[in-house]
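Visitor: Coordinates for the following, if possible.
(one chain, ligands or ions: 1)
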Amino acid sequence: MASAEVGDEQKREDPTVLELERRVAELLGKDDAVYLPTATMANQIALRILTEPGDELLAEENAHILLSEQGGPAAHSGLVTRPIRTPAGRFAGDDVRNLMRDRTSMHMSRTRVVAIENTHNSSGGRCWRLEEVDDVVTTARELDLVVHLDGARLLNASVATSVAAAEFGRRFDTVTLCLSKGLGCPLGAALATSAELAWKARRGKHLMGGAMRQAGIVAAAGIYALDHNVDRLADDHARARRLGEALAAAGVPVDLDQVETNFVQVDVGPLGMTREEAIARMKDEGVLLSTTVWPTKLRAVTHLDVGDDDVDAAIEAIPRALGILARA
Ligand SMILES: Cc1ncc(COP(=O)(O)O)c(C=O)c1O
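Guide: Have a look, this model is predicted:
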């Protein structure tokens, strides 16, 4: 990062940003990619360039785009949102077909865009299978809808399911990728799309105040991450699996079916504890978990800075903090 070649990113004169954008586009099977400060901004620009005010967005009810972006689809793009209720973050083409508004109606908003989140954060970092994506995308295309992929953690999904990120990416009109999560960058995200939409996306970036100057300093971290931090996501997944299995064996309420990537959700409800109390007790033992959309479920995440010894320590500390005596 310290030796990155930089220039004015707004004028597309920063060679490091341009190189990162080229690399992300190639990785995701798109023509172009636009470097952005955050994945939230990438999602919101995508929705804005794909729709018109009054259009309708279909997304899973606990998708980040609906839950954690402050009503951005309404605020930035004037969209009506329709949540799809699912057990594990994934829906089917028929769900889209059933929710589709009558296009001939003079009264209804126009169903326009379907968004998928892969991996799906709220359901525990679970992955869409390629055939499930195909079902939704094929139906959406039949219905003349556009499709956005919130792939903030797409590379976790790609590594976990052994499907190239480009195989997912090329099916969508727009794809968000976050560089600051499992990939370990201090900040940064990208929106990958067609050459035609990339121009609109760059205008959206300016509109939202996301156009930067010598951004190559941080973009260099993105290039480093693509070179060094993708394959190793499998280590995070293996550590999460080991953590989940050990906690479950110790009697901590963990749904192992959910552990497909680098999250482990711990349900403290059955232990008769509030999540605030559980978080505080674990913090005292040196283990940090965060809240989820579910009132009693907490999230443990494995990542670049969590090694095998840390997982061993957490396996000891979490049951102790929660007052669970190890099962013999
Ligand atoms: C699925 C998903 N999309 C988008 C985001 C937004 O990322 P950022 O914090 O970079 O805006 C998050 C953040 O947790 C996320 O989980």
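Visitor: what's next to stretch 68-82, contact-wise?
Guide: Residues outside stretch 68-82 that contact it (C-beta atoms under 8 Å, 6 or more residues apart in numbering) are 40, 43-44, 47-48, 51-59, 65-66, 99, 109, 111, 113, 208. Using the backbone N, CA and C atoms, a C-beta is placed for each residue, glycine as well.
Visitor: quick one: that stretch near the ligand?
Guide: No - on the criterion C-beta under 6 Å from any ligand atom, stretch 68-82 is out of touch with the ligand, staying 6.6 Å away.
Visitor: before we move on, what about stretch 28-43?
Guide: Yes - using C-beta under 6 Å from any ligand atom, stretch 28-43 reaches the ligand at T38, A39, T40, N43.
Visitor: Figure out how far that stretch is from the centre of its chain.
Guide: 12 Å (C-alpha atoms, centre = their mean, to the nearest Å).
Visitor: what about that stretch, how long is it end to end?
Guide: Chord length of stretch 28-43, first to last residue, is 15 Å (C-alpha to C-alpha, to the nearest Å).
Visitor: still on that earlier bit, inside strands: which ones of the contacts of stretch 68-82?
Guide: Cross-referencing the contacts of stretch 68-82 against strands under DSSP state E gives E56, L57, L58, A59, T111, V113.
Visitor: Could you list the contact residues of the chain toward the ligand?
Guide: Counting by C-beta under 6 Å from any ligand atom, the chain sits next to the ligand at T38, A39, T40, N43, H64, E117, N121, D150, A152, C178, S180, A189.
Visitor: Going along the chain, name the strands of this protein.
Guide: All strands of the chain, identified by DSSP E, fall at 32-36, 56-60, 80-84, 111-117, 146-151, 174-178, 189-193, 263-267, 290-291, 297-301.
Visitor: pLDDT on the fifth one, on average?
Guide: Mean pLDDT, computed over strand 146-151, is 98.
Visitor: which residue packs closest to the residue in the stretch 151-300 of the chain positioned nearest to the ligand, ignoring adjacent ones?
Guide: Closest approach between the stretch 151-300 of the chain and the ligand, counting by C-beta to the nearest ligand atom: A152, at 3.5 Å. Closest residue to A152 apart from its sequence neighbours, by C-beta to C-beta, 6 or more residues apart in numbering: C178 at 3.9 Å.
Visitor: so what's that neighbour bridging to?
Guide: C178 forms beta bridges with A189, as assigned by DSSP bridges.
Visitor: per-residue pLDDT, it?
Guide: Looking at C178, its pLDDT is 98.
Visitor: tell me the contacts of it?
Guide: With contact set as C-beta under 8 Å, 6+ apart, C178 has these partners: T38, A39, A42, A152, R153, G188, A189.
Visitor: Could you check how far stretch 293-309 is from the centre of its chain?
Guide: Its chain's average C-alpha position is 15 Å from that of stretch 293-309, according to C-alpha atoms, centre = their mean.
Visitor: and H228, how many residues sit next to it?
Guide: H228: 12 surrounding residues under other C-beta atoms under 10 Å.
Visitor: if I look at it, how far off is A219?
Guide: 15 Å (C-beta to C-beta, to the nearest Å).
Visitor: same deal with V311?
Guide: Plainly put, V311 is 31 Å away from A219 if you go by C-beta to C-beta.
Visitor: who's more crowded, these two?
Guide: A219 (29 against 19).
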